[in-house]
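S.K.: Need coordinates for the following:
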Amino acid sequence: MNQPASSPAAQDWDPVKALWSFCNLLREDGVSATEYVEQLTFLLFIRLAHEQRRRPLNPLDVIGFDAWEELRDASGQDQQWRYGQILDSLGHRPGTVGLIFRKAQNRVQDPAKLSRLIDLVDRHHWSGGGSTDRGAVFEALLARMASDRKTGAGQYFTPRPLVEAIVRCVQPTVDDTIMDPACGTGGFLIKSFDYLVEHFPRGVTPEQRARLTEGAFSGNELVDGAARLATMNLVLHGVVRADGTDSRINVGDALARTPTQRASLVLTAPPFGRRSVITVDAADSRSVGGFAHYRPDFWATTGNRQLNFLQHVYTLLETNGRAAVVIPDNVLFEGGAGETIRRRLLASCDLHTLLRLPTGVFYAGGVKANVLFFEKPAPLPDGSPSTKQLWVYDMRSSRHSSARTMPLVDADFAGFVAAYRPGRSRDERVESSTFRSFGVTELLSRDGGNLDLVVSPQDEALPATEPEVDLYRMAEEITEELRSALAEFNAIADELRPFGMRGDHLDRGSAE
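M.R.: Okay, the predicted model is just below:
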């Protein structure tokens, strides 16, 4: 039987270190890092609901009963049984609770270890210290989960120093509607919310204040597990209420249909990988090109998922909206549909900044990534391109990164943020050895609309060399492709399940 938690007198107790050490213990039972963080998500929510129910001022009954007290009072197989029963019950709830517990299962099959895990969670007061403290604990656990390459969880976690640098550049406001159509664990939404809290302006109306937790933030995620983690992250950071009727995270394929809602700010890092699932727009019954999306609002039809997300972000933006999108290198130079999309982007948007990231920023070590910053102004009366100048900042050259072995930190992005000059006119930008502007005429004249731009003329003059082949890394990337494709097909199967027919119906129909 679990004993009630005593007050955390040991102030040197580190919840992140303690909880992650237990993850290593559960690996022996075949519990992956991702599965472990999911179990922590369930238990943390139940514990948080218990604390909110028991608080002396403004108590909040999130789930209608004290599930945590019931878990602590049980032991052994009874505790296992009750835990599974609670997960199943909460998974059928609407809103935030239902999304967090959707398809939830107990992966900790050893009763003694489940009891110890409950004790560990019980040791920390999750309502104390404010949303920043408990959110930081969960973010640290997510970062450790993302570093486990065996599970591929890193594809749902954009490194937070990069996210924070992007947010500092775009400067969200209280009037923004902020979306992430591939939100993963919710990093862009959380860091945007944190930025607003830190830069909260004077004179904000009650309506503007209420809007921050009632509609200013929303996301989409294909995979149930990632959506669960994102929602819990939003709850712990105070972005959404634990008892909310709208979780703000939609689960499904963001590319499958035209948007019904627009945003003034879109920040996203779509998962890397070239394949897109077969989708058919409701207005057209065609399936194009096998693995391709047909969308009447897209500029081109392609099976390249990143190119499709780039088009999708454009359709999400309202007039004068702005965006920052993380993309792999192939988006900058791929021909065919890629050229069409880049030329349309230059014409229809003010594509003003390209950040070239060092190799190794993301979970797949060999991926070369970039960040595109653009705005969607109203079309110009003379039909000229909305882009006038594209500024390119190089963090990839030998001056910044040669084979980085350490993760990037906030200080690594300080030079870029300073050069970007957030909140100031781009006319004030200054060229340097790492920051250079290209006029739109030059960009449109490049063969194939290639935007694989080099900042330093010295680097441009260097002869092209074949990259060293890393077979292990190649195998890793192929594995991630297959895992991502499987997740997409599982999501489609879940959506189609209500329309399925039992085999005996099919047999009866054929006999008739």
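
S.K.: If you average pLDDT per helix and strand, which one of this protein comes out bottom?
M.R.: Lowest by mean pLDDT, DSSP states H and E among the helices and strands of the chain is helix 503-511, with a mean of 39.

S.K.: check contacts around residue 451.
M.R.: Residue 451 is in contact with 332-333, 342, 354, 390, 443, counting by C-beta atoms under 8 Å, 6 or more residues apart in numbering. The C-beta positions use only the backbone N, C-alpha and C, and glycine is treated the same way.

S.K.: again, 7 Å this time
M.R.: By C-beta atoms under 7 Å, 6 or more residues apart in numbering, the residues touching residue 451 are 332, 342, 354, 443.

S.K.: One more: residue 431?
M.R.: Neighbours of residue 431 in contact, by C-beta under 7 Å, 6+ apart: residue 437.

S.K.: for whichever helix or strand residue 82 is part of, packing partners?
M.R.: According to DSSP states H and E, residue 82 maps onto helix 76-90. Secondary-structure packing of helix 76-90 (3 or more C-beta pairs under 7 Å, 6 or more residues apart in numbering; DSSP states H and E): helix 67-73, helix 95-101, helix 111-122.

S.K.: circling back to that earlier point, between the contacts of residue 451, which is nearest residue 206?
M.R.: For those, the residue nearest residue 206 by C-beta to C-beta is residue 354; the value is 40.0 Å.

S.K.: Give me the local confidence score for the closest residue to the closest one other than its chain neighbours.
M.R.: Distance criterion C-beta to C-beta, 6 or more residues apart in numbering; nearest residue to residue 354, sequence neighbours excluded, is residue 392 at 4.7 Å. What the model reports for residue 392 is a pLDDT of 97.

S.K.: likewise the one 10 residues further on?
M.R.: What the model reports for residue 402 is a pLDDT of 41.

S.K.: What mean pLDDT does the helix holding residue 82 get?
M.R.: Mean predicted confidence for helix 76-90 is 96.

S.K.: tell me the pLDDT at residue 345?
M.R.: So residue 345 comes in at 97 (pLDDT).

S.K.: Now it: closest residue in space, sequence neighbours ignored.
M.R.: Nearest residue to residue 345, sequence neighbours excluded (C-beta to C-beta, 6+ apart): residue 351, at 5.6 Å.

S.K.: So that neighbour: helix, strand or coil?
M.R.: strand (DSSP: H, G, I helix; E, B strand; the rest coil).

S.K.: Begin at 296, not 1, for the rest of this chat.
M.R.: Sure, I'll start numbering at 296, so the last one becomes residue 646.

S.K.: What's the local residue count around it?
M.R.: 25 (other C-beta atoms under 10 Å).

S.K.: Now for residue 690: which residues touch it?
M.R.: Taking C-beta under 7 Å, 6+ apart, one finds 650-653, 696, 711 in contact with residue 690.

S.K.: residues touching the closest residue to residue 488 other than its chain neighbours, list them.
M.R.: In space, and not counting its chain neighbours, residue 488 is closest to residue 534: 4.8 Å by C-beta to C-beta, 6+ apart. Residue 534 is in contact with 484-485, 488, 508, 512, counting by C-beta under 7 Å, 6+ apart.

S.K.: try 8 Å
M.R.: 481, 484-485, 488, 507-508, 512, 543.

S.K.: Output the residues you listed in a markdown table; the columns should cover pLDDT, distance to residue 609 and secondary structure.
M.R.: Listed next are the contacts of residue 534 as a markdown table, based on pLDDT from 0 to 100; distance: C-beta to C-beta, whole Å; DSSP: H, G, I helix; E, B strand; the rest coil:
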| residue | pLDDT | distance to residue 609 | secondary structure |
| --- | --- | --- | --- |
| 481 | 94 | 23 | coil |
| 484 | 96 | 20 | helix |
| 485 | 95 | 24 | helix |
| 488 | 94 | 24 | helix |
| 507 | 82 | 26 | coil |
| 508 | 76 | 28 | coil |
| 512 | 94 | 20 | strand |
| 543 | 88 | 22 | coil |
